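Participant: Model the structure of this input:
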Amino acid sequence: MVSAAFIDQALEALLRAKFSMRHAKSKSCIDPLFELFGPLSTFYAKSKMCYAMDLVGEWVYRDLEIVRKVRNDFAHSVAVATFHLSKVVQLTEQLKAADLAVTQMTKEEAGTKEAKEMKITRKTESKHAKGNMERVRFGMSVSFIGALLYVLARVLNSDATLQEKENFVETVRSAE
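Facilitator: Model prediction:
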């Protein structure tokens, strides 16, 4: 739940930065969009809007949808929800951000024993260990995507030229 709130705030920061990128908008124009019954008050609406505005690429959008679904499973279940449930495991296994984060970390250590073991371990772990691994993958994905969204927002709020900002967003959006 806390992880999803982190992403929700990052999505809002990115949208606010984009809305004011070309022209200074008044708080009275932008703030109501994010208030309790505003059109961008939900995680769902923010992620859809970021994708529709080409602020995030398809893989980020898919991962945002997975984070939202896991959050909803945890928040709206009367039963105890854990990362050991097969439904949650099936969702978290699809997270691309975790794979990208691990790939980035192991690029520097390519071919090391640890990098090779990480790939093997994922295939041979027990059901209990699998749930723990998926919890870690979820945390890595949220951290990776949250950082990406905050960097994008920071660049959009910077003194860079409009063209530089748009080029940066396109570079990040199209990266995998």
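
Participant: For the chain, spot the helix or strand the model is least confident about on average.
Facilitator: helix 113-124 (a mean of 52; mean pLDDT, DSSP states H and E).

Participant: immediately after that helix, which helix or strand?
Facilitator: Along the chain past helix 113-124, the next helix or strand (assigned with DSSP states H and E) turns out to be helix 127-156.

Participant: now for that following helix, which elements pack on it?
Facilitator: helix 2-19, helix 58-75, helix 86-92, helix 96-107, helix 162-174 (3 or more CB pairs under 8 Å, 6 or more residues apart in numbering; DSSP states H and E). Glycine gets a C-beta too; all of them are placed from N, C-alpha and C.

Participant: Of all those helices, which one is nearest residue 150?
Facilitator: Set against residue 150 and scored by CB to CB, the helices and strands packed on helix 127-156 come closest in helix 2-19, at 5.3 Å.

Participant: List the buried residues of the closest one.
Facilitator: Neighbour counts over helix 2-19 (16 or more other CB atoms under 10 Å) mark 3-4, 6-8, 10-19 as buried.

Participant: wait, what's in contact with the residue nearest to residue 95 when sequence neighbours are not counted?
Facilitator: Nearest non-adjacent residue to residue 95, counting by CB to CB, 6 or more residues apart in numbering: residue 141, 4.3 Å away. Contact analysis of residue 141 by CB atoms under 8 Å, 6 or more residues apart in numbering lists 63, 66-67, 92, 95-98, 101.

Participant: In CSV: those residues, plus distance to residue 159 and neighbour count.
Facilitator: Shown next, in CSV, are these (distance: CB to CB, whole Å; neighbours: other CB atoms under 10 Å):
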residue, distance to residue 159, neighbour count
63, 30, 23
66, 35, 21
67, 32, 26
92, 39, 24
95, 34, 24
96, 32, 18
97, 29, 25
98, 34, 24
101, 30, 18
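
Participant: hmm, back to that, select, out of the helices and strands packed on helix 127-156, the one closest to residue 40.
Facilitator: Nearest to residue 40 among the helices and strands packed on helix 127-156 is helix 2-19; the distance by CB to CB comes to 6.5 Å.

Participant: What is the closest one packed up against?
Facilitator: Partner elements for helix 2-19 (3+ CB pairs under 8 Å, 6+ apart): helix 27-34, helix 43-52, helix 58-75, helix 127-156.
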